[in-house]
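Participant: Curious how this folds, go ahead:
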Amino acid sequence: MDFDYVVIGAGSAGCVLANRLSANPANDVALLEAGGKDNYPWIHIPIGYFKTLHNPKYDWCYRTEPDPGLNGRSLEWPRGKVLGGSSSINGLLYIRGQKEDYDLWRQLGNIGWGFDDVLPYFVKSESNENGSDAYHGADGPLAVSNIRVKRGVTDAFIESAASIGIPKSDDFNGESQEGVGYFQLTKKNGLRWSSAKAYLKPARSRQNLSVVTHALARRIVFEGKKAVGVEISRNGKIETIRARKEVILSAGAIGSPQILQLSGVGPASVLKEQGIDVLSELKGVGENLQDHLQIRSVYKTSEKTLNDEANSWFGQVMIGAQYMLQRRGPMAMGVSQVCAFARSDEALDVPDIQFHIQPLSTDNPGHGLHKFSAFTSSVCQLRPESRGHVHINSADPEAYPKIFANYLATETDCSVAVRGVRLGRKIAKANPLASMITDEHEPGWNLESDDEILDWVRNRATTIYHPTSTCKMGNDDMSVVDNRLKVHGFDGLRVADASIMPTLVSGNTNAPSIMIGEKASDLVLEDAV
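Facilitator: Coordinates of the predicted model:
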């Protein structure tokens, strides 16, 4: 059970690391995953997130602590617990964020993480069906495809958004992010293309790669300040997996800080409260938590939507037949079809809000669709100021940590939330979309003042599943890793996942997490020379 490299977490970044590090047969690599194999059929069917979200076999099923910014509500926070991690249960949306996001990371002192530095890794990872250019790759492991499921309401949303001044876009990952159009998806031949499918499956036959499932990481094993292994529990037994060169944490924005804290690395007060000896007081472990808050407006329509098809026995049969015979139709959908990046204030230089448009509506994904024709116009603030934290709640590795999201904790976040709802309404009131809408189901036209809208947001908004930044990269007192992703003060230990983001990217987080895995792989291999 000795390896050169031990990677904790087979998620979006971890699968990349397993592939790239094991490409050299001289490297022995172990990939540890707390969940199981990705052999559940619904994982691979794009619409299958309705079956995997909130399913404890594939989802950690975390919950936040009651949040003052949400009028005391606690939210479900799905995170993938299976090979592929959250890329096996997410909405398949391929978005990288803005150039300015990465340039800010560089300005904060993280040399090598500006946009020009990370773009080659996005290109390297991608196999885009539209071909290659300065911003895109066509030969990478990650399949990126165009949306083929289009409905009248989604086409109408694009036209209405364009009519109020949001430019049309056919590439949100090119020269400019701003605009409205259809998403691209991490999908190929009608099947989900998770990081497990893209990176892990091609490497599974390598003799120097060991994939260990149902292996819960209990703590990192140190000799002094050098990481030398990982203690895991598997099949009711505790084992130690040794690492000759490095341990790499890729357990995500919740799992990575939790494992560090269980290992004695983190805020001293948090560790001591749970009876854990402090090996190193890194105050930032678990701090700086950021997430996109999703505000879902629902509009009833005269136009038939997927609600009608999915709630009809005949419609279900036709949907199933279309997918079985053609790998097309609603079962091949991502969670959203139309995307819009816009500015809630015209004085801003770049978009600060993102819309996700779905030709369906529900009170909660995984809990069934509404019985009436409707579509969802979801909006989120791209760069929230609010910060939360993740703290262990016990010395028991199986006990979930406490997640304090701390949404809507600043005046700016509150005002952007209200402006986002108002901009969504402006689009809904523009033709051709307006001619299809019969009512605003949520929040309801009767809520008009800023205070009324904000209170509705506090009562109804939810996560859009993008937690990041709890082991942030940087050089200040609250940073956890340096620009080579090495944990400050330690040898042989890195973090490589969404937790290292100093600030949340302006968009969906799966593609950036894969990029982090690609860049981390190069950093590890360079330092081994």
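Participant: all helices of the protein, in order?
Facilitator: 12-22, 41-44, 49-52, 99-107, 115-125, 152-163, 195, 252-262, 268-273, 306-310, 313-326, 411-428, 450-460, 510-528 (DSSP state H).
Participant: Which among those helices is found nearest to V495?
Facilitator: Closest to V495 of these, according to CB to CB: helix 252-262, at 5.4 Å. C-betas here are computed from N, CA, C, even on glycine.
Participant: sorry, back to before: return the most buried member of the helices of the chain.
Facilitator: helix 195 (a mean of 33; mean count of other CB atoms under 10 Å).
Participant: mind checking how far that helix is from the chain centre?
Facilitator: Put simply, helix 195 sits 12 Å off its chain's centre (CA atoms, centre = their mean, to the nearest Å).
Participant: can you offset everything so residue one is 49?
Facilitator: In the new numbering, first residue 49, that becomes helix 243.
Participant: Show me what it is packed against.
Facilitator: For helix 243, the packing partners by 3 or more CB pairs under 8 Å, 6 or more residues apart in numbering; DSSP states H and E come out as helix 60-70.
Participant: Near S224, how many other residues are there?
Facilitator: 14 (other CB atoms under 10 Å).
Participant: ok, for it, nearest residue in space, not its chain neighbours?
Facilitator: Of all residues not flanking S224 in the chain, S217 sits nearest, at 7.6 Å (CB to CB, 6 or more residues apart in numbering).
Participant: so that neighbour touches Y230, yeah?
Facilitator: No. Using CB atoms under 8 Å, S217 is not in contact with Y230; the gap is 9.2 Å.
Participant: still on that earlier bit, quick one: contacts for the residue nearest to S224?
Facilitator: S217 sits next to S224, E226, G227, V228, G229, F389 when contact means CB atoms under 8 Å, 6 or more residues apart in numbering.
Participant: between those residues, which is nearest L101?
Facilitator: Of all the contacts of S217, L101 sits closest to F389, with 24.8 Å by CB to CB.
Participant: Would you confirm that the closest one contacts V427?
Facilitator: No. F389 lies out of contact with V427 (CB under 8 Å); the separation is 10.8 Å.
Participant: Name the residue in those two with the higher neighbour count.
Facilitator: The residue with more neighbours, out of F389 and V427, is V427; 30 against 25, by other CB under 10 Å.
Participant: so that one bridges to which residues?
Facilitator: With DSSP bridges applied, V427 shows beta-bridge pairing to I343, F403.
Participant: got any ranges where the stretch 199-348 of the chain has weak pLDDT?
Facilitator: Judged against pLDDT under 70, the stretch 199-348 of the chain has no low-scoring part.
Participant: per-residue confidence at Q374?
Facilitator: Model confidence at Q374, given as pLDDT, is 89.
Participant: Next up, the contacts around it.
Facilitator: With CB under 8 Å, 6+ apart, Q374 has these contacts: G238.
Participant: same thing with the one 3 residues further on?
Facilitator: Contact analysis of G377 by CB under 8 Å, 6+ apart lists V197, I367, Q370, Y371.
Participant: now those residues in a markdown table, with distance to P378 and pLDDT?
Facilitator: A markdown table is the format used below for the contacts of G377 (distance: CB to CB, whole Å; pLDDT from 0 to 100):
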| residue | distance to P378 | pLDDT |
| --- | --- | --- |
| V197 | 6 | 82 |
| I367 | 5 | 92 |
| Q370 | 8 | 92 |
| Y371 | 8 | 92 |
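Participant: Is it correct that M366 is in contact with L354?
Facilitator: No. M366 lies out of contact with L354 (CB under 8 Å); the separation is 11.9 Å.
Participant: residues near the nearest residue to Y448 once chain neighbours are set aside, how many?
Facilitator: Excluding the flanking residues, the one nearest Y448 by CB to CB, 6+ apart is Y110, at 6.2 Å. Per other CB under 10 Å, the neighbour tally for Y110 reads 19.
Participant: what does S350 give?
Facilitator: 9.
Participant: That one is in contact with A422, isn't it?
Facilitator: No. Counting by CB under 8 Å, S350 sits too far from A422 to count as a contact (10.7 Å).
Participant: what sits in contact with each of the two?
Facilitator: When CB under 8 Å, 6+ apart defines a contact, no residue borders S350 and A422 alike.
Participant: Next, work out how far apart the spatially closest residue to G300 that is not a sequence neighbour and K352 are.
Facilitator: Among residues not flanking G300 along the chain, D545 sits closest, at 5.3 Å (CB to CB, 6+ apart). Noted for D545: a distance of 41 Å to K352, by CB to CB, to the nearest Å.
Participant: Show me which of the two is the more surrounded one.
Facilitator: Neighbours around D545 and K352, counted as other CB under 10 Å, are more numerous at D545. The numbers are 31 against 14.
Participant: got the contact list for that one?
Facilitator: D545 makes contacts with 57, 59-62, 297-301, 304, 561, 564-565, as judged by CB under 8 Å, 6+ apart.
Participant: try 10 Å
Facilitator: 56-57, 59-62, 65, 133, 296-301, 303-304, 516, 518-519, 533, 557, 561, 564-565, 568 (CB atoms under 10 Å, 6 or more residues apart in numbering).
Participant: what's the overlap in contacts for F389 and V427?
Facilitator: I401, Q402, F403.
Participant: Redo those residues as TSV? Include pLDDT.
Facilitator: Formatted as TSV, the shared contacts of F389 and V427 follow (pLDDT from 0 to 100):
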residue	pLDDT
I401	98
Q402	98
F403	98
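Participant: The closest residue to G416 other than its chain neighbours: neighbouring residues, count only.
Facilitator: Distances taken as CB to CB, 6+ apart place T410 nearest to G416, at 6.4 Å, with adjacent residues excluded. Residues near T410, counting by other CB under 10 Å, number 18.
Participant: cool, and S483?
Facilitator: Neighbour tally, S483, other CB under 10 Å: 12.
Participant: try G57
Facilitator: When counting by other CB under 10 Å, one arrives at 27 neighbours for G57.
Participant: contacting residues around it?
Facilitator: G57 makes contact with 63, 65, 79-83, 128, 133, 265, 296-300, 303-304, 307, 544-545, according to CB under 10 Å, 6+ apart.
Participant: Go again with 7 Å.
Facilitator: E81, G133, S298, A299, G300, G303, D545 (CB atoms under 7 Å, 6 or more residues apart in numbering).
Participant: measure the second one to D203 for me?
Facilitator: With distances defined as CB to CB, the gap from G133 to D203 amounts to 34 Å.
Participant: Then the first one?
Facilitator: Distance check for E81 against D203: by CB to CB, it reads 41 Å.
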